[in-house]
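**Q** Pasting the sequence and the predicted model now:
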Amino acid sequence: MKPSPQAPTPSFLSRHHWLVVLLFTLLTIVVVLWQTAIRMPEYLIETSRLTPFYTSEVFLTDMLCRPAGLLSVCSGFVAQLCQVPWLGAVVMALLTAAVGLVSIRAFRLPAWWSGVAFVAPLMLLAAFTQLGYMLYVLKAVAPGITPLAGTLLALLLFWAYRVIVGYLRVLHSGWPLIITSSVLGVIVVAGFYPLIGFFALLAAALIAVYEFAGAFVHRRWPQLAVVVCVALSAAFAPQIWFTHRFVTLPTDYIYTCGLPDFRLEGDETALLWPLVVAFALLMSGAALAHKAGWNRRRLLVPLVLSSVVFGGAVFAAHQFAWSDPNYRCILRMSQATDRGDWQAVVAVASESDTEPTRAEVMLRNLALQKQGRAADVMFSFPDGDADYRAPRHAPYLRLICAHQLYYYYGKVNYSYRWAMEDMVEYGMRPVLVDYLTRCALVNEEPLLAGKYHDLLRSRMFWSRDIADYNPCDSTSAVPLMSLRNYNNLLDGDGGLIEPYILNSFAFTDGGSREMTHLSLQSALVLKDIDHFWPPFLRLLPTFGTAIPRHYQEAVLLFSALQPRYDISELPIDADIRSQFERLVAESTQNSSRGDDVNAAMLRPAFGHTYWYYYFFVKGLKTH
Amino acid sequence: MTISGFFAHLRHLSCTGFAALVFVACTPSLPPSAELSDRPAPVVPYQSGAVIPPNISPLNFLITTDASESLAHIYNRLGSDMILRGPEVEIPQDWWADLLRATIGDTVFIDIYVGADDRWTRYPSVCYIVAPDEIDPYISYRLIQPSYVTYEDILICQRDLRTFDEQVIYSNAPFAHADEGQCVNCHNYQNYNRDQNFQLHLRERLGGTIISYEGRLHKVGLKTDSTLNAGAYPAWHPSLPLIAYSVNATGQVFHTLDAQKVEVIDFGSDLILYDINKNQVYDLGSRRDEYESFPCWSPDGQTLYYTSAHYEQRSDNIDAELDSAYQDLKYNICRRRFSAATLTFGPADTVFNARAIGKSASLPRVSPDGRYLLFGLADYGNFHIWHHSADLAVIDLSKPADSLPLSFRLLDAANSPVADSYHTWSSNGRWIIFSSRRDDSNYSRPYICYFDTDGRAHRAFQLPQRSPRFYHQFFKSYNVPEFMTRPIEVPRHDLLRVAQDDAQPATFAGHCALP
């Protein structure tokens, strides 16, 4: 019977079952592209910025000598492609689809169940998109991508094993087959553990489950010997490799190297769920790989069921992905800061309608200062100390932007220091190497700059133009020189970036005009009247008739609070003066009310002024 | 052999195999004519004039040229020669060993040709003089990124100087757990590790000092209630089960502008003596205004040399005070006689008054024949690896004792404009290995210089590596290079096992210095 083209029937599907596979494959690719390139391109770029991958001989040799080295190199390669988001997304989509397609072949899933085969890869995608701030604190290379790449390799190993054993089964039976199968299983574990770490153990687990199920399905009990061999090799091979070869492997990660280094504590445990679901599904697939009698006639029910499961997986993948608007802003601001695109930084800050984190505030103020607008508008933006919504407590401001803030504020040694400290802790992240290069240039260390620069150049993509980056040319550092006009001293930030920057400028006496502005602005942020007047008086002759708005507001306020100077001759705008008088009047009138009530009441009229900041923005947790 | 060694061998074999094929297919030959340049040969590292030992691994190098072809012609006066194509010149190990053996006391020449087709340029020969004295076959060092307070992935390695084989003695990575880590430092040997007597410190997680003595491996805790801190910089007595240590209250403070970046300052330091057999600690008399550090025994074990800075505290907060007065901490070199019978030290003599010349000395090391005292000299402080002014200097100890303090001379041929620091003698006293930051001012590299029988140092050469690009691509410092006549033979997993033991706390046994 010829099927109607309008209504595909099971018989049509049975003859064109590849169409079903193709449909789910394409859907998976679309989902991946949507979740990555479209929803979070800045996240892909951040993945690339934070993933150490270089093609230098020493780097590659070092990586390959570490457990799961091959996997790290492959994943690092993919991660660096994310510097161009659409490219990274396409490669990730292909990887995700490949995991699904290989699952279908490895587990001998019929096409009408193929939707289920794509659930595990979608969970692995979720394991990447859920990470958010965890990208900064995980030490594993490309922690979001290794599960995908590793699972693909594990499935390929399992598939190869199944095919080889299937072929051998035609030739041999009994103990020769069992011995050969066992040897193959041991080779998978012992031979591939150094290359792909945990995923060799995953492959071993798939083999063990497959053989275990086979023993039951076919009543071939001696086959359980293969399971025992594989299990024993999975237990001991990593220990042997650790004892005799892998000197740089923490004992905590002997069995899990290659996986993201999650800690099983607090909210972080939840990050394991997508991986657990994915691996459990793969195990089920391996157990069902012996099932021979799939009903080839009842197609519609499995198709509908697998579609529902697939849809659920898409929904779950969407739900798992991080959705913190602050994080998105931070990524965009930080990446724009790398480029020195101050307009973009301020634009992101302006678009944000949530309470900012300190990182956003610091990056925004830096951008305003670089634009020369800080003295007029820095207090008109919302302030705050929103939490970094991360499952692990860590100094995120430092990790995200200490090297950037210090560099652009001219404190190059401190930028170098934190880039170096973080590089030691988390690996040679390109973004850190970038700042090490810049700092070496400013410090007039061309040989050192060249060393870092050559490392960066060995990547396929890096955002900065090589021409801007000539390690023998320190003129690129000239814009920072006006911020370095002071005497050297010994100091330390104790890991508290924001207080250090503010205090060091507020307590600086003299320096360039740019530094004096920074001293003044830092005194304003710190609400430090004593350190306001000296830089203000130094800058006063340069203002002419146009004193920046926030300085005018501060002059009126501080003179009212602690009269020291006659400000009657200062060119204060009439509307600012009248606005201040109105504030005084309203405050006096409402003095009996609490701060919270006053803050809410005064915000519409005065929320953009320094006065509002001075009286109502309090107790921020600076880091 | 480590995995990296395996890969390196694999690479070497493939290179050698490929080179053999190429050799058969097209043996490079020298161009018939070449214009002689008056500029130095464009090679990295450029170290023409260095004196090298007859048992050192090949000094591979990189020819830095934009030209399409480059050749290196390596030869001696006896007719041994080899032509290798550049730019990465990796000299076959066996041929090199034969060449050096045949050239002892004479010169190895390397001519560099750069060009293409019939237009070639030849540069003046790079020359290496082959010394008659062998170098100790092994060194050990710590590989660490030049960070400040973080530490991760620190390795203590040993290297066979005759080949490129490197082995890991200890790695701190296995003990990294969550935010806790372990620092490992101060590997040190009795008598160049002739008897497998050595020690190393573990800090933070599972902290303690691992000591291997007479075949016994154990872990001790050197901090007592009566001493300032746990033992830090060690010095094994040459024959007795004794180790002298400094105990330091060390801090780091950061330069805001200076490219030296950080100051490592001792806010207090003393000397102690540790008796391995009794697990007892003695102090050498702690004075608040004397900052003693870096002990070193004379080869006969009868004198202890050390550095000492006199500093009188002016406020209640020494940390804050030294943050601004750090340049006032200037260390002299002192010594005390030691009586092994009574386990006592005599009064201190100042051997070298660095303060008097506005300088500061660090890390005294007496030559195995007892004649020379090698030390680091910089403008201030004692952690000279961060000081660009740090240079190596020697004092001739054969001068009569009544001429104290002795005069010094800088080892100009070996020194560089940036930090030349941690140094040690080979067991025959003819070679000095030290850490230098001359390559890029930030990453320490091991350099070796010949110290001849007349007490003259010669131009230093960099510890050779198989790949000529290695140092440019390697982002760890070589820290505390030490010569050894034998490698560490204790298996790494034994060290890891002992590292997990609880440290046996040492007991304080009183003072061992005469007033």
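**A** Ah, there it is. Note that this is a predicted model, so its numbers are computed, not measured. Residues are numbered from 1 along each chain as shown, chains lettered A, B, ... in the order given.

**Q** alpha carbons only for contacts and neighbour counts from here, please
**A** OK.

**Q** Enumerate every residue touching residue 181.
**A** I'll assume chain A. A:165, A:226 (CA atoms under 8 Å, 6 or more residues apart in numbering or on different chains).

**Q** I was thinking of chain B, sorry if that wasn't clear
**A** Counting by CA under 8 Å, 6+ apart, B:Gly181 has contacts B:151-152, B:172-173, B:175, B:204-205.

**Q** Wait, a strand at B:Asn479?
**A** Yes. Counting by DSSP: H, G, I helix; E, B strand; the rest coil, one finds B:Asn479 located in a strand.

**Q** That one contacts B:Gln145, doesn't it?
**A** No. Assessed by CA atoms under 8 Å, B:Asn479 is found out of contact with B:Gln145, at 9.6 Å.

**Q** what's the distance between the closest residue to chain A within chain B and A:Gly372?
**A** Nearest residue of chain B to chain A (CA to the nearest CA) works out as B:Pro174 at 3.6 Å. Computed as CA to CA, to the nearest Å, the B:Pro174 to A:Gly372 distance reads 50 Å.

**Q** neighbour count winner among the two?
**A** Higher neighbour count among B:Pro174 and A:Gly372: B:Pro174, with 21 against 13, using other CA atoms under 10 Å in any protein chain shown.

**Q** quick one, what contacts that one?
**A** Here B:Pro174 is in contact with A:247-252 (criterion: CA under 8 Å, 6+ apart).

**Q** sorry, back to before: and the residue nearest to the residue of chain B closest to chain A when sequence neighbours are not counted, what does it touch?
**A** In space, B:Pro174 comes closest to A:Pro250 once its chain neighbours are excluded; the distance is 3.6 Å by CA to CA, 6 or more residues apart in numbering or on different chains. Residues near A:Pro250 by CA under 8 Å, 6+ apart: B:173-177.

**Q** Counting only helices, which of these make the cut?
**A** Among the contacts of A:Pro250, no residue falls in helices (DSSP state H).

**Q** And those residues, which of them are buried?
**A** B:173-176 (16 or more other CA atoms under 10 Å in any protein chain shown).

**Q** The spatially closest residue to B:Ala513 that is not a sequence neighbour: neighbouring residues, count only.
**A** Closest residue to B:Ala513 apart from its sequence neighbours, by CA to CA, 6+ apart: B:Phe345 at 4.4 Å. Around B:Phe345 there are 22 other residues, counting by other CA under 10 Å.

**Q** Of the contacts of A:Pro250, which is the nearest to A:Ala600?
**A** When the contacts of A:Pro250 are compared for distance to A:Ala600 (CA to CA), B:His177 wins out at 47.0 Å.

**Q** Would you mind listing what in the stretch 101-250 of chain B touches chain A?
**A** Residues of the stretch 101-250 of chain B lying close to chain A by CA under 8 Å from any CA of the partner chain are B:145-153, B:168, B:170-178.

**Q** Recalculate using a threshold of 6 Å.
**A** Residues of the stretch 101-250 of chain B lying close to chain A (CA under 6 Å from any CA of the partner chain) are B:147, B:150, B:152, B:171, B:173-176.

**Q** Looking at the residues you listed, which are in strands?
**A** Among those, the members found in strands (DSSP state E) are B:Ser171.

**Q** Any chance of the residues of the stretch 101-250 of chain B next to chain A in TSV with distance to B:Gly301 and pLDDT as columns?
**A** Listed next are those as TSV, based on distance: CA to CA, whole Å; pLDDT from 0 to 100:
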residue	distance to B:Gly301	pLDDT
B:Ser147	36	87
B:Thr150	37	85
B:Glu152	37	86
B:Ser171	32	93
B:Ala173	36	91
B:Pro174	37	90
B:Phe175	37	90
B:Ala176	39	87
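
**Q** Alongside chain A, which residues does the stretch 301-450 of chain B contribute?
**A** Residues of the stretch 301-450 of chain B lying near chain A (CA under 6 Å from any CA): B:323, B:440.

**Q** shaky segments in the stretch 301-450 of chain B?
**A** Applying pLDDT under 70 to the stretch 301-450 of chain B flags residues B:401-404.

**Q** Which parts of it are helices?
**A** For the stretch 301-450 of chain B, the helices defined by DSSP state H, counting those that start in this stretch cover B:318-325.

**Q** swap in the stretch 501-623 of chain A?
**A** Using DSSP H, counting those that start in this stretch, helices in the stretch 501-623 of chain A cover A:513-526, A:533-543, A:549-561, A:574-589, A:595-606, A:610-616.

**Q** near chain B, which residues of the stretch 251-400 of chain A show up?
**A** By CA under 6 Å from any CA, the part of the stretch 251-400 of chain A that sits against chain B consists of A:Thr251.
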